[in-house]
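Visitor: Provide a 3D model corresponding to the input given below.
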Amino acid sequence: MKAFEVTGTIDEKGQLILDRPLALDTPGPVRIIVLLPEPTDEAEDDPDDTPVEEVKASLKRALQEAKTRQRIPLSQMWEGIDVE
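Guide: Coordinates of the predicted model:
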């Protein structure tokens with residue numbers, strides 16, 4: 001058997017809806033393995049869980065600091081750091 005990885009959603013009727021169609025040469029029977037995220041995994045491991053308002057505020061502060069030249073220039077960030 002060949003394996004294809006795609007993402008999808010299970011609807012309220014229990015039907016699997018793929019995010020994109022499978023590009024297969026011939027139609028036929030398949031075996032499906034469904035991987036569901038654990039409720040605790042998503043909350044702990046999601047790098048995008050910062051609230052949108054907090055992200056916007058941080059970006060506004062950074063832009064203001066850049067405009068007023070309160071940021072360290074990228075060319076100076078590595079000065080004094082020993083890299084082996």
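Visitor: how about the helices in this structure?
Guide: 39-45, 52-67 (DSSP state H).
Visitor: how much space between residue 5 and residue 52?
Guide: 29 Å (CB to CB, to the nearest Å). No exception for glycine: its C-beta is placed from N, CA and C like everyone else's.
Visitor: Equivalent analysis for residue 39, please.
Guide: Separation of residue 39 from residue 52 (CB to CB) stands at 22 Å.
Visitor: Kindly report the same for residue 19.
Guide: Applying CB to CB to residue 19 and residue 52 gives a distance of 23 Å.
Visitor: same deal with residue 26?
Guide: Separation of residue 26 from residue 52 (CB to CB): 45 Å.
Visitor: Neighbour count for those two, which is higher?
Guide: residue 52 (8 against 4; other CB atoms under 10 Å).
Visitor: Lowest average confidence across helices and strands of this protein, where is it?
Guide: helix 39-45 (a mean of 59; mean pLDDT, DSSP states H and E).
Visitor: Return the distance of stretch 30-41 from the chain's centre.
Guide: 17 Å (CA atoms, centre = their mean, to the nearest Å).
Visitor: brain fart, stretch 22-34
Guide: The answer for stretch 22-34 is 26 Å, by CA atoms, centre = their mean.
Visitor: now do the same end-to-end measure for that stretch.
Guide: 16 Å (CA to CA, to the nearest Å).
Visitor: What are the contacting residues of it?
Guide: 1, 4, 6, 10, 16 (CB atoms under 8 Å, 6 or more residues apart in numbering).
Visitor: Name the nearest of those relative to residue 79.
Guide: Closest approach to residue 79 among those (CB to CB): residue 6, at 47.2 Å.
Visitor: And that closest one, how far from residue 54?
Guide: Residue 6 is 33 Å from residue 54, by CB to CB.
Visitor: Likewise for residue 13?
Guide: Counting by CB to CB, the gap from residue 13 to residue 54 is 37 Å.
Visitor: Next: residue 17.
Guide: From residue 17 across to residue 54, the span is 32 Å (CB to CB).
Visitor: And for residue 19?
Guide: Taking CB to CB, one finds residue 19 at 29 Å from residue 54.
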